[in-house]
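>>> A predicted structure for the sequence below; I have some questions about it.
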Amino acid sequence: MHKNRSMSHALKRGFLLLQQHKKMEKTLKIAIQKKGRLNEESIQLLKQCGVKFNNGRDQLKVTSHSFPAELLFLRNSDIPNYVKDGVADIAILGENTIIEKGVKLDIIEKLGFSKCKLSLAVPKNINYSDIKFFEGKKIATSYPNTLQKYLDKKGVNAEIHVISGSVEIAPNIGLADGICDLVSSGSTLFKNGLKECDEILNSEACLVATPGLTGEKKEILDRLMFRINAVHSAKKNKYVLLNAPNDKLNAIISCLPGMKSPTVLPLAQEGWSSVHSVIKEGDFWNSIDELKANGAQGILIVPIEKMVI
């Protein structure tokens with residue numbers, strides 16, 4: 001009797017563990033930077049995609065209550081290895097970090113935000129001509145691997161000083177002759193009396209995945225990508241409404257490079273119609289003069305929140 005009870009307890013425990021494992025399998029683990037601009041823009045994108053969560057201060061792990069995902073807030077430099085080892089299934093991080101760490105990951109998509117460049121910079125009073133300036137000199141950076149590859153490519157021998165933060169102060173305290181750091185607007189360089197002199201690479205946020213992601217997690221990733229593409233499509237397109245005289249409808253419609261064809265609705269005023277179309281914002285500005293010349297009036301541009309194609 002006691003033996004039967006023990007077997008029953010073991011089977012029950014095994015069943016619960018199996019259920020727990022299945023539950024874990026159905027959750028996509030997403031790693032993002034725990035602070036900074038990339039963190040803020042990553043969270044904004046996820047929330048626009050309907051991945052909602054309550055992230056309290058200093059929380060390192062949260063579960064979404066609207067999508068099968070778990071968010072891990074990690075140090076940017078640690079994320080590539082976490083994804084490679086499968087601790088996180090996917091991550092949002094900068095190209096510069098991927099290149100610096102040299103970890104092989106599947107880049108799913110470039111996300112178009114947190115754009116910056118990795119550049120060399122020197123004090124403003126330096127007469128800089130080309131990369132040969134750094135021959136035999138000292139360069140401070142947080143990206144030693146990327147910098148070394150660039151110097152090797154250019155045939156320059158320089159001494160690299162690795163600094164984890166506040167790289168821009170190095171020339172002012174005599175630690176280095178120049179720096180290699182990320183540049184967005186250039187304001188930090190300006191404030192520290194530096195000028196950009198050579199661009200090494202351009203970077204933006206990327207969605208990366210652990211190699212060989214399969215099964216239910218791959219299906220969840222596909223669902224997330226569908227939502228991300230809908231958000232991106234909405235940002236690239238605008239909903240346009242305008243009033244058009246009926247005798248100029250064909251000419252006006254030909255000026256609107258829409259997805260298929262515009263929607264045309266009659267107005268209460270006889271001889272006029274309302275034309276609705278979804279077009280790329282850049283295409284609209286190229287066509288605005290032609291639209292007005294053909295009699296379009298009351299042109300209204302409306303942002304699109306989501307767009308499913």
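Nice, I can see it. Numbering: from 1, shown residues only.

>>> Could you use CA atoms for every contact and neighbour count after this?
OK.

>>> I'd like the distance between residue 131 and residue 41.
Here residue 131 is placed at a distance of 34 Å from residue 41 (CA to CA, to the nearest Å).

>>> err, residue 92, not the other one
Counting by CA to CA, the gap from residue 92 to residue 41 is 10 Å.

>>> likewise residue 147?
27 Å.

>>> Angles on the backbone of the residue lying closest to residue 237 once chain neighbours are set aside, please.
In space, not counting the residues next to it along the chain, residue 237 is nearest to residue 280; the distance is 4.4 Å by CA to CA, 6 or more residues apart in numbering. Backbone torsions for residue 280, taken as degrees, to the nearest 10, come to phi -70, psi 140.

>>> so what pLDDT did residue 280 get?
pLDDT, residue 280: 82.

>>> same for the helix or strand that residue 223 is a member of, what does it pack against?
Element membership for residue 223, per DSSP states H and E: helix 215-236. Using 3 or more CA pairs under 8 Å, 6 or more residues apart in numbering; DSSP states H and E as the contact test, the elements touching helix 215-236 are strand 28-33.

>>> Run the angle between the strand it packs on and helix 215-236 for me.
For strand 28-33 against helix 215-236, the angle by axes from the mean of the first three to the mean of the last three CA atoms, to 10 degrees is 50 degrees.

>>> Walking through the stretch 1-150 of the chain, point out its helices one by one.
In chain order, the stretch 1-150 of the chain shows helices spanning 2-25, 37-48, 79-84, 95-101, 144-154, with DSSP state H, counting those that start in this stretch as the criterion.

>>> what about the stretch 51-200 of the chain, any weak spots by pLDDT?
Scanning the stretch 51-200 of the chain for pLDDT under 70 picks out the ranges 56-57.

>>> The same query, at a cut-off of 90, please.
Scanning the stretch 51-200 of the chain for pLDDT under 90 picks out 53-60, 76-77, 104, 164-166, 184-188.

>>> In terms of neighbours, single out the busier of residue 92 and residue 41.
Each of residue 92 and residue 41 has its neighbours counted (other CA atoms under 10 Å); residue 92 has more, 26 against 15.

>>> check contacts around the more buried one.
30, 31, 32, 33, 42, 205, 206, 207, 208 (CA atoms under 8 Å, 6 or more residues apart in numbering).

>>> what two of these are the furthest from one another?
Spatially, the most separated pair among the contacts of residue 92 is 30 and 205, at 14.1 Å (CA to CA).

>>> give me the number of residues near residue 308?
10.

>>> ok, and the most crowded of the contacts of residue 92?
Among those, residue 31 has more neighbours than the rest - 31 neighbours, counting by other CA under 10 Å.

>>> Tell me what that residue is bridged to.
residue 72, residue 91 (DSSP bridges).

>>> From residue 61, how far out is it?
In terms of CA to CA, residue 31 sits 9 Å off from residue 61.

>>> where do the contact lists of the two overlap?
With CA under 8 Å, 6+ apart as the test, residue 31 and residue 61 both reach 71, 72, 73.

>>> now the first one, nearest residue through space, not along the chain?
Pointing back at residue 71 there. Nearest one to residue 71, counting by CA to CA, 6+ apart, is residue 30 at 4.8 Å.

>>> give the contact list for the one you found.
Taking CA under 8 Å, 6+ apart as the test, what residue 30 contacts is 69, 70, 71, 72, 88, 89, 90, 91, 92.
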